[in-house]
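# This is a predicted model, with the sequence first.
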Amino acid sequence: MSRQSRFRRRGAGLVAAAAAVLASAALAGVTAGPAAASSHREAPLISADPAVDNTDVYAFVSPDQPDSVTFVANWFGLQEPNGGPTFYPWATDANYDINIDTDGNAKPDVGYRLTFRTEDRRGNDTFLYNNGPVTALDDENLLFRQYYTLSVSKGGGWTRLLEGQVAPSQLGAASIPDYATLRDQAIENVPGGGKVYVGAAEDPFFADLRVFDLLYGGDLSEVGQDTLAGTNVNTWALQVPLTEVTDKGDPQRNPVIGVWSDTERRTMQLSPGRAMAVGEPVQVSRLGNPLVNEVVLPAGLKDAFNGLTPVKDATIPEVVQRVTDPELARLLDGIYGVPAPATPRNDLVEIFLTGIATNAPTLDGSPAPIQADLNSQVLNADSDPKAFQPSEMLRLNTSVPPAAEPNRLGVLAGDLQGFPNGRRLTDDVVDIEVQAVAGAAQTGTLVDALATGDQVDANDVAFLDEFPYVALPGNTTTADTGGSAGPGGSGGSDDGAEGSSLRTESDSWVGNASSGSQMMMPVALAPASVARCSRAPWCCSRCAGAGGPPARSRRPRRGDGRGWPGPPGPPPCPRPPPSHGLDLSCPLPRRPHPPRPLPRPRPRPVAPAPPERRRRRRVALVALRRRSGDGPSSSPLW
C-alpha cells in the first residue's frame with residue numbers, strides 16, 4: 001500500500017475512529033478564543049503601521065484543483081472605499097512573505113515574497129486617485145498604479161518568478177463600476193504552474209468584535225454582529241502545485257506542511273515632508289494560527305512576538321506559559337462560570353506548537369494528549385524526529401481531500417480538511433477556539449454554555465468557487481447602511497428605519513436646539529421629513545412638517561459661543577417647497593446684530609515737566625545756540 005493511500009485511509013478513519021477525541025472535541029483552540037479580527041491591530045506598534053499589518057493567513061487544498069494548495073494572506077484591514085485620496089497602497093519598502101516549513105524544524109524551506117513599486121501619475125496636477133471611471137487596469141483614468149514582483153526561495157536566495165499589476169483599492173461605485181473585471185485582469189499565471197492575485201478583497205474574517213466588552217457583554221447578550229461586514233483588505237492569493245511546497249517535492253510521502261506569513265520593513269528615516277527607508281529589513285508582523293497574538297499573549301509581549309521567528313517560540317518561557325495556562329480559560333471561568341481545565345494544557349501545546357500526532361513531541365516529555373494522526377510534520381516519511389522543533393504555525397495535511405460539503409466547525413464537526421488542519425475561508429475559527437480553550441478537547445464534548453458562540457457563523461458575502469476564492473471588495477460604507485454592521489448586526493434600529501443610527505429630528509441639534517447638542521444631521525442621510533431644508537428642519541412648516549423650535553431655543557452664535565432666544569414658532573416659507581432636493585432659499589430666522597461702534601481714541605495725557613527740568617533745558621538751548629553763532633550778539637531776538 002502506498003504512503004498516499006495510507007494517509008487517505010488514515011484521514012477517512014479519523015472521521016469515525018477519532019471523532020470522539022478530535023471531531024467532537026473542539027481541538028481547534030490552538031491558542032485562545034474569541035478575538036478582534038483575528039490579527040487586525042493586535043499589537044501596539046503594528047497598529048500604527050496598517051500597510052504591513054498581517055491580518056489573516058489561510059492554507060487549504062484547492063477545492064477545484066486538488067493537486068494544488070492555495071495560500072491567502074491579508075494585510076491592511078478595516079478598509080472602506082471612502083479612504084481617499086491616498087486609499088490603501090502596499091508599502092514599497094517592505095517584504096511580504098509566505099513561508100512553508102516542510103520538515104518540522106521551524107525554518108522556512110520554501111518561501112514566496114512580494115515587493116512593490118509605485119507609478120504615481122498625479123504629480124502636482126491633481127489630488128485625485130483617478131480622474132474618471134476605471135474599467136481596466138490600463139485605463140488612463142487610473143492615475144495611481146502599483147506593480148509587484150513575485151519571488152521564490154527554496155533554502156537559498158530569492159529567484160524572480162514574475163511581475164504583475166496590483167488591482168487598485170476599491171474606490172467606490174462611481175470610480176470602479178465593475179471590480180470583477182479588474183480582478184480578473186490582475187490574475188497572473190505562475191511559471192511552473194499555479195496562479196497569483198494581488199489586490200483588494202472583502203475581508204474574509206467574520207466575528208463579533210464585542211468580545212472585548214467583558215466577553216460579549218458578560219452574558220452572551222452582545223452577539224450576532226459581524227463587525228467586519230463590508231470592510232476590505234489588501235489580499236495576496238497564491239495557488240501552486242503540491243510538489244512545489246512539500247518536502248523533497250513528494251506530497252505522497254511528505255504531505256504535511258507548516259505555514260505562516262510575515263512582513264519585513266526597513267527603518268524609516270524621517271525629515272520634514274520626507275521619509276526614506278534605510279538599513280536592513282526588520283520583521284514587524286507575523287501570523288500563523290488565528291487569534292494567537294490577539295488573545296493568547298499579554299500586551300507586554302505582543303510587539304516582541306511580531307518580531308519573533310517560529311524557531312524561538314518554545315524557547316521563551318513567557319510564551320509557553322501563556323499556552324499551558326491560558327488567560328482566556330480563567331476569564332470564561334470568572335465571567336460565565338465555565339470551569340477552567342486543569343493545567344498544564346498539553347492539549348493546547350500539541351495543537352499550538354507541534355501539530356496533532358500520536359507521537360508528537362511534548363515540552364514535558366509526556367505522551368501527546370490527543371492520540372490521533374492529523375497534521376504534524378513528524379508524520380512525514382522523510383522527517384527527522386530529532387530535528388523537530390515545536391513552534392507556532394498553521395499546519396496542513398495536504399493528503400486530506402477537500403470536503404464535498406465543508407462544515408464551518410472543521411475538525412470539530414468531523415470535517416478533517418477544516419481548521420486546525422489548515423484554514424479555509426469558511427472556517428469559523430472563533431467558535432472552534434472558544435470550545436477548545438474551555439476544555440472540549442479534553443472531555444470530548446462541547447461546552448453547552450458556549451455552544452452558540454458569537455452567532456456569526458458565516459461571512460456576510462459569499463466566497464467564490466474558483467481562484468482567488470475571496471469575495472469582491474465592497475463599495476459601500478457603514479454610513480451607507482446607517483451604521484449597521486451587516487447581516488445580523490445591531491448597528492441599526494430595532495424598527496428598521498432608514499438611517500436609524502443617525503440622530504433624528506427629535507434628538508439632533510437642529511431639531512431640538514435647547515438640548516445643548518451641536519451636532520447637525522447630514523442632510524443627505526436625514527429622514528425625508530427633514531431632508532428638504534438645507535438650513536434647519538424647523539425653519540418653515542412646509543419644509544419640515546408640523547412643529548418648530550422650542551419657545552426659548554438657543555442657537556450658537558459665531559465667535560463667543562453664546563446663544564440668542566429663538567422664535568416661538570416657525571416663520572412662514574417665502575415660496576412653496578420643492579418636491580425634492582434642497583431648498584436653499586428657505587430663510588433661517590436670525591436676530592440682527594448691529595455692528596458695534598469702534599471706541600474713540602483717547603488723547604494721551606502729557607504731564608508737565610518739573611521746573612528744574614525746564615530750567616536745564618533753557619540753559620542747554622542757550623549754550624547750543626551760542627556755539628552755533630546764533631546767540632544774543634548776532635541775533636536781534638536776543
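On my side now, so go ahead.

# So the spatially most central residue of the chain, which state does it fall into?
By C-alpha atoms, centre = their mean, the chain has its centre lying nearest to residue 77, at 2.6 Å. Recorded secondary structure, residue 77: strand (DSSP: H, G, I helix; E, B strand; the rest coil).

# strands paired with the longest strand belonging to the chain, and their directions?
Taking DSSP state E as the criterion, the chain has its longest strand at strand 256-271. Strand pairing for strand 256-271, using DSSP bridges, gives strand 94-101 (antiparallel), strand 274-287 (antiparallel), strand 394-397 (antiparallel).

# can you list contacts of the last one?
When you say that, I think you mean strand 394-397. Applying C-beta atoms under 8 Å, 6 or more residues apart in numbering, the contact partners of strand 394-397 are 7, 11, 57, 59-61, 69, 255-260, 288-289, 355, 374-377, 379, 420-423. Using the backbone N, CA and C atoms, a C-beta is placed for each residue, glycine as well.

# quick revisit: chain center to the longest strand of the chain, what's the gap?
Taking C-alpha atoms, centre = their mean, to the nearest Å, one finds strand 256-271 lying 17 Å from the centre of the chain it belongs to.

# ok, and for it, which residues are buried?
Buried positions in strand 256-271, judged by neighbour count with 16 or more other C-beta atoms under 10 Å: 256-266.

# Compute the first-to-last residue distance for stretch 432-449.
Using C-alpha to C-alpha, to the nearest Å, one end of stretch 432-449 lies 14 Å from the other.

# for stretch 335-348, that is, sorry about that
21 Å.

# Identify each buried residue in that stretch, please.
Neighbour counts over stretch 335-348 (16+ other C-beta under 10 Å) mark 336, 338, 340-341, 344-348 as buried.

# ok, now stretch 455-465?
Within stretch 455-465, the residues scored as buried using 16+ other C-beta under 10 Å are 456-457, 459-461, 463.

# and if you look at stretch 133-148?
For stretch 133-148, a neighbour-count test (16+ other C-beta under 10 Å) marks 134, 137, 139, 142-148 as buried.

# For residue 113, state which of these is nearest.
residue 148 (9.8 Å; C-beta to C-beta).

# my read is the closest one is in a strand, agree?
Yes - according to three-state DSSP, residue 148 belongs to a strand.

# Contact partners for it?
Here residue 148 is in contact with 90, 114-117, 163-166, 198 (C-beta under 8 Å, 6+ apart).

# tell me, how many neighbours does residue 92 end up with?
Applying other C-beta atoms under 10 Å, we find 14 residues neighbouring residue 92.

# ok, it touching residue 120?
No - using C-beta atoms under 8 Å, residue 92 makes no contact with residue 120, being 10.6 Å away.

# can you map out the strands along this structure?
Under DSSP E, the chain gives strands at 54-61, 68-79, 94-101, 110-120, 144-153, 159-165, 188-189, 195-202, 232-241, 256-271, 274-287, 394-397.

# I would like the residues contacting the third one, please.
Which is strand 94-101. So strand 94-101 is contacted by 51-52, 57, 71, 73, 75, 90, 107-116, 236, 238, 245, 257-266, 281, 310, 377, 391, 393 (C-beta under 8 Å, 6+ apart).

# what stretches of the protein score poorly on pLDDT?
Low-confidence segments of the chain (pLDDT under 70): 1-39, 478-609, 628-638.

# 80 instead, please
Counting by pLDDT under 80, the chain contains low-confidence residues at 1-43, 212, 295, 412, 440-446, 476-638.

# how close does the nearest residue to residue 333 once chain neighbours are set aside get to residue 436?
Distances taken as C-beta to C-beta, 6 or more residues apart in numbering place residue 340 nearest to residue 333, at 4.3 Å, with adjacent residues excluded. Applying C-beta to C-beta, to the nearest Å, the value for residue 340 to residue 436 is 13 Å.

# Tell me how the chain divides into domains.
Following automatic domain parsing, one finds the domains of the chain at 33-343+378-399, 502-573.

# TSV for those, including distance to residue 408?
Rendered in TSV, the data for those read as follows (distance: least, C-beta to C-beta, whole Å):
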stretch	distance to residue 408
domain 33-343+378-399	10
domain 502-573	34
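
# Among those domains, which comes closest to residue 406?
domain 33-343+378-399 (8.2 Å).

# picking up where we left off before, which member of the buried residues of stretch 335-348 is positioned nearest residue 205?
Nearest to residue 205, judged by C-beta to C-beta, of the buried residues of stretch 335-348 is residue 348 at 21.5 Å.

# and the angle for the longest strand of the chain with strand 110-120?
Interaxial angle of strand 256-271 relative to strand 110-120 (axes from the mean of the first three to the mean of the last three C-alpha atoms, to 10 degrees): 30 degrees.

# tell me the contacts of the closest residue to residue 217 other than its chain neighbours?
Counting by C-beta to C-beta, 6+ apart, residue 217 lies nearest to residue 210, which is 6.8 Å off, once chain neighbours are set aside. Contact analysis of residue 210 by C-beta under 8 Å, 6+ apart lists 216-217, 222-223, 225, 227.

# For residue 72, give the beta-bridge partners.
residue 58, residue 237.

# In this structure, spot the helix with the most residues.
Taking DSSP state H as the criterion, the chain has its longest helix at helix 611-627.
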